[in-house]
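Undergrad: Got a predicted model here, sequence first, then my questions.
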Amino acid sequence: MTEIAAQKPTNDDNNLILANSLITREELDEFKAIALKEHGVELTDEEAFEQATALLRLFDVLLEKRLATRRNRVNINTTQK
């Protein structure tokens, strides 16, 4: 376990989380604003971080699956001559 991962959350942990993620402070704030505008839900930084990370992981899985399907189609078409 890394030293950063072993640290317990503190009030300043938001900076620690964001420093080690793909989500910037601006993106997190925008995600929170969208949640408030679209769903009337005011998220904490931690809730927004968890939800945004889960959403990014979902997109990553879906995109990878889509790309794999396209690669297989290309391979089928190029091997048949």
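TA: Now that the structure is in, tell me what you want to look at. Residues are numbered from 1 along each chain as shown.
Undergrad: buried ones in the host helix or strand of E26?
TA: Per DSSP states H and E: E26 is located in helix 25-39. Neighbour counts over helix 25-39 (16 or more other Cβ atoms under 10 Å) mark L28, F31, K32, A35 as buried. Where you see a C-beta, it was placed from the backbone N, CA and C, and this is true even at glycine.
Undergrad: lowest-pLDDT helix or strand in the protein?
TA: Every helix and strand of the chain was ranked by mean pLDDT, DSSP states H and E. The lowest is helix 3-6, at a mean of 36.
Undergrad: Give me the helices and strands touching the host helix or strand of A48, please.
TA: Element membership for A48 (DSSP H and E) is helix 45-79. Here helix 45-79 touches helix 13-19, helix 25-39, going by 3 or more Cβ pairs under 8 Å, 6 or more residues apart in numbering; DSSP states H and E.
Undergrad: Pick out the shakiest of those helices, pLDDT-wise.
TA: Of all the helices and strands packed on helix 45-79, the minimum mean pLDDT falls on helix 13-19 (a mean of 59).
Undergrad: buried ones in stretch 38-46?
TA: Buried, per 16+ other Cβ under 10 Å, within stretch 38-46: L43, D45.
Undergrad: ok, back up a step: could I get the helices and strands packed on helix 45-79 as TSV with distance to R66?
TA: Output for the helices and strands packed on helix 45-79, formatted as TSV (distance: least, Cβ to Cβ, whole Å):
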stretch	distance to R66
helix 13-19	28
helix 25-39	23
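Undergrad: Measure how buried A19 is and give me the count.
TA: For A19, the tally of surrounding residues (other Cβ atoms under 10 Å) stands at 10.
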